[in-house]
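K.L.:
coords please:
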Amino acid sequence: MIPGVVLAAGSGRRMGGPKALLRLDGETLLQRAVRLLDEAGCRPVFAVIGDWDPGEVEAFLVPNSQAAEGMASSIRAGVRALPKTAPAALFVAVDQPAVDAALLQRLLALAAAEPGRPAACGYGETLGIPAVVPRRLFAELLTLRGDRGAKAVLLREQALVLPFPEGIADLDTPTDLARLRR
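P.N.:
Modelled structure (predicted):
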């Protein structure tokens, strides 16, 4: 089984509050991300959260007291929470509304084709999360710092790429959310 990790600890400064708590179609973005990982077959599912009440969530909650540092601190917290036997982990962001369970299943299948390589979504002129990272790279993820993710690691490791042009759209501001709700 591949565990899932939701990166949701951000304070959502530009949004005016934690994006994970925003509601879309009757559920919070955090509940949605956890549900999608579960539907994709990830077990167990971990949600890296900040210093706020996540409400009811069907996941192992991983508080990130260093969330102000940025995404790297959430990746480190998620990696530390993973079972020692996890062969890899599927990382997702809480703010990508175009992600669905079918996409996550395709990404897991791509990663299963070459288990030693990471697999990531390609959008815009880059790649990023959702991404499956194999265990051999966990130690390197623990060295990440600042408000950067693992893009440099994914590029250097020549990650398998699943085209996901819709992945470029994320929710950063109230305008983004209003546009999505229309």
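K.L.:
neighbouring strands for the strand ranked longest in the chain, and are they parallel or not?
P.N.:
Longest among the strand segments of the chain by residue count, using DSSP state E, is strand 126-134. Here strand 126-134 is paired, per DSSP bridges, with strand 88-93 (antiparallel), strand 119-123 (antiparallel).
K.L.:
Indicate which one of these is closest to F138.
P.N.:
Checking the strands paired with strand 126-134 against F138 by C-beta to C-beta gives strand 88-93 as the closest, at 7.8 Å. All C-beta atoms are positioned from the backbone trio N, CA, C, and that covers glycine.
K.L.:
May I have that closest one as CSV, with CA atoms only?
P.N.:
Extracted in CSV, the C-alpha atoms of strand 88-93 (Å, rounded to 0.1, in the frame of the first residue of the first chain):
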residue,chain,number,x,y,z
ALA,A,88,6.6,5.4,-1.5
ALA,A,89,4.1,8.1,-0.7
LEU,A,90,1.7,10.1,-2.8
PHE,A,91,1.8,13.8,-1.9
VAL,A,92,-1.1,16.1,-2.8
ALA,A,93,-1.7,19.8,-2.2
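K.L.:
May I see the strands paired with strand 126-134 arranged in a markdown table, with mean pLDDT and distance to L142 as well?
P.N.:
Putting the strands paired with strand 126-134 into a markdown table (pLDDT from 0 to 100; distance: least, C-beta to C-beta, whole Å) gives the following:
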| stretch | mean pLDDT | distance to L142 |
| --- | --- | --- |
| strand 88-93 | 97 | 12 |
| strand 119-123 | 96 | 19 |
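K.L.:
Those strands: which one's closest to V79?
P.N.:
Using C-beta to C-beta, the nearest of the strands paired with strand 126-134 to V79 is strand 88-93, at 7.3 Å.
K.L.:
Show me the contact partners of the closest one.
P.N.:
2-8, 33, 36-37, 40, 42, 75, 78-79, 82, 99, 104, 107-108, 111, 115, 129-135, 138, 150, 170 (C-beta atoms under 8 Å, 6 or more residues apart in numbering).
K.L.:
circling back to that earlier point, please name whichever of the strands paired with strand 126-134 is nearest to T143.
P.N.:
That would be strand 88-93 among those, by C-beta to C-beta, at 15.8 Å.
K.L.:
Give me the spatial nearest neighbour of A131, chain neighbours excluded.
P.N.:
Take A131 and drop its neighbours on the chain: the residue closest to it by C-beta to C-beta, 6 or more residues apart in numbering is A120, 3.9 Å away.
K.L.:
mind listing what A120 touches?
P.N.:
107, 127-132, 154, 159-162.
K.L.:
so which of the residues you listed is the most crowded?
P.N.:
V132 (29 neighbours; other C-beta atoms under 10 Å).
K.L.:
Beta-bridge partners for that one, please?
P.N.:
Beta-bridge partners, per DSSP bridges, of V132: L90, A119.
K.L.:
Before I go, just wanted to say thanks for your time.
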